[in-house]
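1. no sequence on this one, just coordinates:
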């Protein structure tokens, strides 16, 4: 069986969709007009992903405002002045802040899955945001009458539902985005924050059977936005032992942009448990240079020196446009990188005779 390969998720939005997003926010086009543009972008994105030969496709997150904040659409108990995430190039992203109880999702990921299914002819994976990322919405000062543990109980129910509805709805697999894992170590080198994130996410993951867990994965990277990152300077060696405590069957690990592949792969080899699959990043979405199939092949062959073939897969380091307004990478470059990842993985499968 060939080495599996999957995209992480987001694809840069076409100009027509970006314009429609601005026009809709300004009240210049109707909901129906906006929905038509969204559906066109969704249909085209899935078709182009399938043209790359990708055996698994996504919706490209075309209609998500961002990979992290999609559950918050339509909620009114939020303020804009939440946690600030700084990136290496100086730009920032800011999460909202919860202002009152109760907490619930305004949008669940299954809605994106259902919207994509009519256009897809190959298995669809669905990305969801981690409970730990959304836990940052709760204000440090607390909320009167809504203690943090009550908030977390509500959050965990919603996070479980987000995953379960996608599995029940026919997703080939569900990917939990956990980019805040590496960032947690930058904010708190003692790793106490990261440990709390791991524990919180496992409180969700422990609600699934072992068979369901094999279809659930977690994605880690140092953040990729506007060709910059928020935590690439944090050494992987501090993250990986705790990351592999997550009760999932699949790990999507940024690797192409790491300076020392072999050191990371050697550590993964020691942490990997039977029945788990590691999808190593073999293309770098924030590097404008398109990797050749031969470069991808060589990266896969390198990984195969450390990871058993039956546990090895390939992926992109991160999404190409996790925030809707990120236009730093073109759609053509994104699809070219994906195509070459697929072709390079096939070349490696041939070389390894699998």
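-> In hand now; what should we look at? Model, not experiment: these values are computed from the prediction.

2. list phi and psi for the nearest residue to residue 38 once chain neighbours are set aside.
-> Leaving out its chain neighbours, the residue that sits closest to residue 38 by Cβ to Cβ, 6 or more residues apart in numbering is residue 63, at 4.8 Å. C-beta coordinates here come from the backbone N, C-alpha and C atoms, glycine included. Note on residue 63: its backbone torsions stand at phi -110, psi 10 [degrees, to the nearest 10].

3. pLDDT score assigned to residue 63?
-> The model reports residue 63 with a pLDDT of 95.

4. what's near enough to touch it?
-> Going by Cβ atoms under 8 Å, 6 or more residues apart in numbering, residue 63 touches 38, 41-42, 112, 115.

5. looking at these, which is nearest residue 130?
-> Minimum distance to residue 130 across those is 16.4 Å, recorded for residue 112 (Cβ to Cβ).

6. that's a helix at that closest one, yeah?
-> Yes - counting by DSSP: H, G, I helix; E, B strand; the rest coil, residue 112 is found in a helix.

7. once you drop chain neighbours, what's closest to it?
-> Residue nearest to residue 112 in three dimensions, not counting chain neighbours: residue 59, with 5.3 Å by Cβ to Cβ, 6+ apart.

8. now residue 5. Its backbone dihedrals?
-> According to degrees, to the nearest 10, residue 5 has phi -140, psi 140.

9. got the contact list for the residue nearest to residue 112?
-> Taking Cβ under 8 Å, 6+ apart, we find residue 59 in contact with 42, 45-46, 112-113, 115-116, 124, 126.

10. repeat the analysis, applying 7 Å as the threshold.
-> With contact taken as Cβ atoms under 7 Å, 6 or more residues apart in numbering, residue 59 is in contact with 42, 46, 112, 115-116.

11. in the residues you listed, find the pair that's most separated.
-> 46 and 112 (11.7 Å).

12. what residues sit buried inside stretch 119-130?
-> Using 16 or more other Cβ atoms under 10 Å as the burial criterion, the residues of stretch 119-130 that qualify are 119-120, 124-130.

13. now the helices for this protein?
-> Per DSSP state H, the chain carries helices over the ranges 15-25, 31-51, 110-116, 131-134, 148-168, 180-187, 192-205, 210-213, 236-243, 261-271, 293-304, 331-352.

14. pull the residues that contact the longest one.
-> By Cβ under 7 Å, 6+ apart, the list of residues contacting helix 331-352 from outside reads 2-3, 5, 7, 11-12, 14, 48-49, 52-54, 282-283, 285, 288, 290-297, 300-301, 304, 309, 314, 316, 320.

15. can you say which of those are buried?
-> With burial judged by 16+ other Cβ under 10 Å, the buried subset of those is 3, 5, 7, 11-12, 14, 48-49, 52, 54, 282-283, 285, 290-291, 293, 295-297, 300, 304, 314, 316, 320.

16. okay, now the unreliable bits of this protein?
-> 1 (pLDDT under 70).

17. ok, and the closest non-adjacent residue to residue 33?
-> Nearest to residue 33 is residue 20, by Cβ to Cβ, 6+ apart, at 7.4 Å.
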